[in-house]
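Asks: Sequence and predicted structure below; questions after.
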Amino acid sequence: MIGRKHERQTLDHLLFSKKAELLTIIGRRRVGKTFLIREHYKNKIVFEFTGTQYSSKKKQLKKFAQKLQEYTNNTLKVATPEDWAEAFIALKTYLKNRPSSKQKPVVFFDEVPWIASKRSGFLNEFAYWWNDWASRQPIVVVICGSAASWMIDKVVNNKGDLHNRITEYIHLQPFTLAEVKQYLNAIPLFLDDYQIIQLYMSIGGIPHYLQHLRKGESATQIINRLCFNKDGILRNEFNNLYAALFEGHERHVAIIKALSTKWKGLTRKEIIEITKLPNGGGLTQILTELTTSSFITEILPIGKKKKETLYRLVDEYSLFYLTFIEGKRAGKKDIWLQTAQKNPYKIWRGYAFENICIKHVEAIKRALGISGIHTEVSGFRSLGDADRKGIQIDLLIDRNDQCINLCEMKFYNSEITLRKEEATKLRERRSRFQELSKTKKTVFNTLITTYGLKANQHSYSQVDHVVTMDALFLLERFE
């Protein structure tokens, strides 16, 4: 198995602990939650049931009975339960009558939000089954779901019978660049770091998407086949992705589309102005759901108030789809091979590279030698006035050693040569930031780029640190 080192250690801990364990695992669609549980626990799973989207309670119960009958090797005829209370009685009977084993049995409920629909009664009966019986058994129970916000609200932060019953919690994230590289090498598909970053910009670190890569193709060829061929698996993925995760997903999509038009991010007020969604708790919930599911991120500008928080679209596939796929006809031969050579793509990939740097900030800190220093990662924005232009810094690292790294992120296909006018911009940006933020800390200009910076008088005078793309591949998983 590629990556997931810390998650696998957690799964082992649950298996070998001396008590009953209730694990909640969440993560966006296609990120590999089910694969992780099935692959790591393999023959230890004694019962598994997966919810079906848009399925009635009656149909879910029928499938539950069929699944239970399978696990009894069809030796018993299992009647369809009338409700989830009867279903859990049948499950308890089955588990109690299983042959004893030295190894803890694992019970796995997948896509729980689809099982626990409104008025289904599933969650209440599950809680009763756990509190009344399972919590006193040598057992591992796993409940999993792609609707991350639902899982956190209804399960992790449950105020009823499941309150404080979760013994372990895993939020499964997409692969990092390092893990994508490991995955590709295992295929084997040997792309260099520059090619992998281009691929990551478009489809992210989603294992399900990576399964469809082929040997002998460049990043450009892979993207062309997956996203622009008529039968490409990512051609219409966007339309299914949000519908599968969120009720009333049209509002979520409206926010995602608004954010795709403003790469640097939008405040809550700006989101309302663009989407025309009403301000209130409903909007707060949607933003929380999108943040929890890792589609967007919150950036609180240094020294600013909460209301000035920027929301930024960081899901690579969503941004790529809305920029280059939506509204385009499929099937035109080699369309992406041609588009990737044009200026709009070159501009876009600069922003996409910024997103990658923000997601891999721990690797950047390690490259800077500041991993052991407490830091706050944020941004900075000033709209300016009639006399002076505003500035926006998308990534700054505020350090407890009285220093701040102002990060400038540039995606190039070769070393950068800093010209005089560019050096002047860096000097002015640093000066303006110090003036507007009123910081007393030392401010370092930090360049993060692909192949580095050629040394000259301008780079020497204005750039304090250079981090190249190879540093982004050094950490498998960040804590």
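Replies: Received it, and whenever you're ready, just let me know what you need.
Asks: Which secondary structure state does the most centrally placed residue in the chain sit in?
Replies: Geometric centre of the chain, nearest residue: Ser294, 3.9 Å, by C-alpha atoms, centre = their mean. Assigned with DSSP: H, G, I helix; E, B strand; the rest coil, Ser294 falls in the coil class.
Asks: List the contacts of it.
Replies: Arg28, Ala148, Gln173, Pro174, Val314, Asp315 (C-beta atoms under 8 Å, 6 or more residues apart in numbering). Using the backbone N, CA and C atoms, a C-beta is placed for each residue, glycine as well.
Asks: number of nearby residues for the fourth one?
Replies: As a burial measure, the neighbour count of Pro174 was computed by other C-beta atoms under 10 Å and equals 24.
Asks: What distance do you get for the residue nearest to the centre of the chain to Val142?
Replies: For Ser294, the distance to Val142 equals 21 Å [C-beta to C-beta, to the nearest Å].
Asks: The stretch 151-300 of the chain: helices as residue ranges?
Replies: Using DSSP state H, counting those that start in this stretch, the helices found in the stretch 151-300 of the chain span residues 177-186, 193-203, 207-210, 219-223, 237-245, 249-260, 268-275, 281-292.
Asks: What segments of the stretch 251-400 of the chain are strands?
Replies: 296-299, 310-313, 375-384, 389-399 (DSSP state E, counting those that start in this stretch).
Asks: what does the average pLDDT come to for the third one?
Replies: Per-residue pLDDT values across strand 375-384 average out to 88.
Asks: what angle do it and strand 389-399 make?
Replies: 170 degrees (axes from the mean of the first three to the mean of the last three C-alpha atoms, to 10 degrees).
Asks: Which residue ranges make up each domain of this protein?
Replies: Split into domains by automatic domain parsing, the chain comes to 5-171, 177-235+330-353, 238-322, 368-473.
Asks: Switch those over to TSV; also include distance to Glu362.
Replies: Shown next, in TSV, are these (distance: least, C-beta to C-beta, whole Å):
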stretch	distance to Glu362
domain 5-171	13
domain 177-235+330-353	11
domain 238-322	14
domain 368-473	7
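Asks: tell me the contacts of Ile358?
Replies: Neighbouring residues of Ile358 by C-beta under 8 Å, 6+ apart: Thr297, Arg312, Val314, Val377, Asp394, Leu395.
Asks: do Ser146 as well
Replies: Per C-beta under 8 Å, 6+ apart, neighbours of Ser146: Ile26, Gly27, Arg28, Arg29, Lys33, Glu111, Pro113, Ala244, Leu245.
Asks: and if we set it to 7 Å?
Replies: Neighbouring residues of Ser146 by C-beta atoms under 7 Å, 6 or more residues apart in numbering: Gly27, Arg28, Arg29, Glu111, Ala244, Leu245.
Asks: Which residue comes closest to the fifth one once chain neighbours are left out?
Replies: Once flanking residues are discounted, Ala244 sits nearest to Arg29: 5.6 Å by C-beta to C-beta, 6 or more residues apart in numbering.
Asks: and if you look at the fourth one?
Replies: Excluding its sequence neighbours, the residue lying closest to Glu111 (C-beta to C-beta, 6+ apart) is Gly51, at 4.0 Å.
Asks: Please apply the same query to the last one.
Replies: In space, Leu245 comes closest to Ala147 once its chain neighbours are excluded; the distance is 5.2 Å by C-beta to C-beta, 6+ apart.
Asks: And the one you found, its phi and psi?
Replies: Main-chain torsions, Ala147, degrees, to the nearest 10: phi -80, psi 80.
Asks: any idea how far Trp84 is from it?
Replies: In terms of C-beta to C-beta, Ala147 sits 19 Å off from Trp84.
Asks: what's the answer for Lys104, then?
Replies: From Lys104 across to Trp84, the span is 24 Å (C-beta to C-beta).
Asks: Compare those two (neighbour count), which wins?
Replies: Trp84 (24 against 20).
Asks: OK, contacts around the more buried one?
Replies: Contact analysis of Trp84 by C-beta under 7 Å, 6+ apart lists Ser120, Gly121, Phe122, Glu125.
Asks: what helix or strand is Asn405 on?
Replies: strand 403-410 (DSSP states H and E).
Asks: and that strand, what's its mean pLDDT?
Replies: pLDDT averaged over strand 403-410 gives 97.
Asks: residues of it that come out buried?
Replies: Of the residues in strand 403-410, Cys403, Ile404, Asn405, Leu406, Cys407, Glu408, Met409 count as buried by neighbour count, 16 or more other C-beta atoms under 10 Å.
Asks: How about Thr339, nearest residue that isn't a chain neighbour?
Replies: Computed as C-beta to C-beta, 6+ apart, the closest residue to Thr339 that is not its neighbour in sequence is Tyr345, at 5.9 Å.
Asks: quick revisit: so which of the contacts of Trp84 is the closest to Glu354?
Replies: Nearest to Glu354, judged by C-beta to C-beta, of the contacts of Trp84 is Phe122 at 42.3 Å.
Asks: I figured that closest one was touching Ile115, is that so?
Replies: Yes. With contact defined as C-beta atoms under 7 Å, Phe122 reaches Ile115; the gap is 5.1 Å.
Asks: Tell me which stretches of the stretch 1-150 of the chain form helices.
Replies: 5-16, 33-41, 57-71, 84-96, 112-115, 122-132, 148-151.
Asks: Next, the angle helix 84-96 makes with the third one.
Replies: With the same axes, to 10 degrees as the criterion, the two stretches helix 57-71 and helix 84-96 enclose an angle of 10 degrees.
Asks: now helix 57-71, how far from the centre of its chain.
Replies: 32 Å (C-alpha atoms, centre = their mean, to the nearest Å).
Asks: Next: stretch 299-309.
Replies: Distance of stretch 299-309 from its chain centroid, counting by C-alpha atoms, centre = their mean, is 22 Å.
Asks: Kindly provide the distance from Gln173 to Lys33.
Replies: 11 Å.
Asks: got it, and Lys59?
Replies: Noted for Lys59: a distance of 23 Å to Lys33, by C-beta to C-beta.
Asks: rewinding a little: which residues does the residue nearest to Ala244 contact?
Replies: Listed by C-beta under 7 Å, 6+ apart, the contact set of Arg29 reads Ser146, Leu241, Ala244, Leu245.
Asks: Same question for Asp315.
Replies: Counting by C-beta under 7 Å, 6+ apart, Asp315 makes contact with Gly204, Ser294, Phe295.
Asks: how about those in CSV, adding distance to Lys44 and pLDDT?
Replies: As requested, the contacts of Asp315 are exported to CSV (distance: C-beta to C-beta, whole Å; pLDDT from 0 to 100):
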residue, distance to Lys44, pLDDT
Gly204, 31, 96
Ser294, 29, 88
Phe295, 33, 94
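Asks: With distance to Glu308 as added columns, please give those residues in CSV.
Replies: As requested, those are exported to CSV (distance: C-beta to C-beta, whole Å):
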residue, distance to Glu308
Gly204, 28
Ser294, 22
Phe295, 21
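Asks: Out of the residues you listed, which is nearest to Gly372?
Replies: Checking the contacts of Asp315 one by one against Gly372 (C-beta to C-beta), the nearest turns out to be Ser294, at 26.7 Å.
Asks: related to what we said a few turns ago, quick one, which of Gln173 and Lys33 is more surrounded?
Replies: Shown here are Gln173 and Lys33; by other C-beta under 10 Å, Lys33 has more neighbours (23 against 19).
Asks: Thank you kindly, that will do.
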